[in-house]
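K.L.:
turn this into a model:
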Amino acid sequence: MKRMMIGLPLTLLLTVGCSKSNDYSPAAGATGEDVFKTTCVECHQPKEGGHYFELDKEMANTTAIANKVSQGSFMMPAFPNIKADALEGLSEYVLTQSKSE
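P.N.:
Below is the predicted model of the structure:
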């Protein structure tokens, strides 16, 4: 019983990220770096060496990054209002600021 009382809140906490969507909309003309520094640094800080992410082969491209931003993932909310040039710029910025395998 005690395990269940601890496990249930933990499970709810871990799944909360996948059900949320962030309603942020970038300003017209915002660069990828602007968008990243406005929305992403809240959760993503540079790692040792200065890069933000370590991307595997499947994620090391702008299409995969854009999909993750738009759809979210287990702990990351979706950002459906980041579109077009802002999404492309953000995806390119993330790719250039990442370490790839």
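
K.L.:
for this structure, give me the ranges with low pLDDT.
P.N.:
Applying pLDDT under 70 to the chain flags residues 1-19.

K.L.:
could I get the full set of helices for it?
P.N.:
2-15, 32-35, 62-71, 84-96 (DSSP state H).

K.L.:
now what about the last one, what contacts it?
P.N.:
In this structure, residues lying in contact with helix 84-96 by CB atoms under 8 Å, 6 or more residues apart in numbering are 26, 30-33, 35-36, 40, 52-53, 55, 60-63, 65-66, 69-70, 82. No exception for glycine: its C-beta is placed from N, CA and C like everyone else's.

K.L.:
run the angle between it and helix 62-71 for me.
P.N.:
Put simply, helix 84-96 runs at 120 degrees to helix 62-71, going by axes from the mean of the first three to the mean of the last three CA atoms, to 10 degrees.

K.L.:
what comes up buried for helix 84-96?
P.N.:
For helix 84-96, the buried set under the neighbour-count rule, 16 or more other CB atoms under 10 Å, comprises A86, L87, G89, L90, S91, E92, Y93, V94, L95.

K.L.:
could you do the second one as well?
P.N.:
Neighbour-count burial for helix 32-35, counted by 16+ other CB under 10 Å, picks out G32, D34, V35.

K.L.:
same deal with stretch 43-61?
P.N.:
Y52, F53, L55, M59, A60.

K.L.:
so how far is that stretch from its chain's centroid?
P.N.:
11 Å (CA atoms, centre = their mean, to the nearest Å).

K.L.:
cool, stretch 55-65 as well?
P.N.:
On CA atoms, centre = their mean, the centre of stretch 55-65 falls 12 Å from that of its chain.

K.L.:
what of stretch 24-40?
P.N.:
Chain-centre distance of stretch 24-40: 13 Å, with CA atoms, centre = their mean.

K.L.:
ends of stretch 50-65, what's the gap?
P.N.:
Stretch 50-65 has its terminal residues 19 Å apart, counting by CA to CA, to the nearest Å.

K.L.:
who's in contact with that stretch?
P.N.:
Residues from elsewhere that reach stretch 50-65 (CB under 8 Å, 6+ apart): 40, 44-47, 68, 88, 90-92, 94-95, 97-101.
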